[in-house]
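**Student:** Sequence first, predicted model second:
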Amino acid sequence: MPIHLRQVCLVADKLEPCLQDIEAVFQTPVCHRDPEVAAFGLENALMAFGSQFLEVVAPVRSGTAAGRFLERKGGDGGYMVICQVPMLEEQAQLRARAAENNVRVAYESDRGTWNIMQLHPRDMGAAFLEVDWDQKADMQGNWQPAGGLDWVDSARGTAISGIIGLELSGTDPQRLADHWSRVLGQPVQSHNGLPAIPLANALLRFSYGEASRDHGLTGIDLAVSDPADIVGRASDRGLPSWHNGFRLGGVRFTCE
């Protein structure tokens, strides 16, 4: 089943300071803001990375799931892995596998030509897993959470061609990988000695995190035209940096 990674969501305590860092480091403008997230007590912004997206959400009132996440995490961090499947039947099959593995559906919305399904992060063990379907089934183009095709112009001429990997961390990486494998219906492979699950356009890597603040969606791998240039801008912003990456929004970005 071709499951494509289309979007990664971070949670920030305050939206604009995080966006200022992202725009300065990646030189990528905001391509979409979704007013509908206000119903969940949030505000958001999306940036196009190739035909994929980095989203940041921040709570604007108390009592939100995102706010509770920030309290547990002790700061900003990775929140959601958001994928797309080309057929509605494939989404239904994934929902059935989730139920077989005691994973609850945290949120679902059937909008006729677009169906959203979010699986509970406590049951998945590292992050929300969202798997969407829409009638156009355009894996590199139309994406309803980014306003359809409104994002396309903002992606032209940027230094980032895509999100090629995510790191999910916990106390037992193999067990976590096996669980995600059963839900996704994709095999576990070995990548640099660690378990990994290949999606159609990205690799999910599973690593060890000792403390609870080190658990969850902890890393994002990017394909970029000039890694040194991006890392240099991150360093200039005062972000913790190393030879091929930096820390922003509570996650490690690796540039390849």
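**Tutor:** Arrived safely.

**Student:** what's the lowest-mean-pLDDT helix or strand in the chain packed up against?
**Tutor:** When the helices and strands of the chain are scored by mean pLDDT, DSSP states H and E, helix 152-155 comes last with a mean of 86. Under the contact criterion of 3 or more Cβ pairs under 8 Å, 6 or more residues apart in numbering; DSSP states H and E, helix 152-155 touches strand 30-32, strand 42-49. For every residue, glycine as well, the C-beta is placed using N, CA and C.

**Student:** rerun that using 7 Å as the cut-off
**Tutor:** Packing contacts for helix 152-155, counted by 3 or more Cβ pairs under 7 Å, 6 or more residues apart in numbering; DSSP states H and E, involve no helix or strand.

**Student:** How far off centre is that helix?
**Tutor:** Relative to the centre of its chain, helix 152-155 is centred 19 Å away, using Cα atoms, centre = their mean, to the nearest Å.

**Student:** can you pull the buried residues of the helix or strand just after that helix?
**Tutor:** Later in the chain than helix 152-155, the nearest helix or strand by DSSP states H and E is strand 160-170. Of the residues in strand 160-170, 160, 162-170 count as buried by neighbour count, 16 or more other Cβ atoms under 10 Å.

**Student:** what distance separates strand 160-170 from the centre of its chain?
**Tutor:** Counting by Cα atoms, centre = their mean, strand 160-170 is centred 8 Å from the centre of its parent chain.

**Student:** just checking, what packs against the helix or strand just after it?
**Tutor:** The helix or strand immediately downstream of strand 160-170 is helix 173-184, counting by DSSP H and E. For helix 173-184, the elements it packs on are helix 88-100, strand 194-198, strand 203-208, judged by 3+ Cβ pairs under 7 Å, 6+ apart.

**Student:** could you dump the least confident helix or strand of the chain to CSV, C-alpha only?
**Tutor:** Taking Å, rounded to 0.1, in the frame of the first residue of the first chain, the C-alpha atoms of helix 152-155 are listed here in CSV:
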residue,chain,number,x,y,z
VAL,A,152,2.4,25.7,-5.0
ASP,A,153,3.9,29.1,-5.8
SER,A,154,5.4,29.4,-2.3
ALA,A,155,7.4,26.1,-2.9
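
**Student:** burial of residue 104, as a residue count?
**Tutor:** 12 (other Cβ atoms under 10 Å).

**Student:** Let me fix that, I meant to ask about residue 197.
**Tutor:** Residue 197 has 23 neighbouring residues, counting by other Cβ under 10 Å.

**Student:** Name the residues linked to it by a beta bridge.
**Tutor:** According to DSSP bridges, the partner residues bridging residue 197 are residue 204.

**Student:** Quick one: residues contacting it.
**Tutor:** By Cβ atoms under 7 Å, 6 or more residues apart in numbering, the contact list for residue 197 reads 177, 180-181, 184, 186, 188, 204.

**Student:** what does the least confident helix or strand of the chain rub up against?
**Tutor:** Residues outside helix 152-155 that contact it (Cβ under 7 Å, 6+ apart) are 29, 31, 48, 50.
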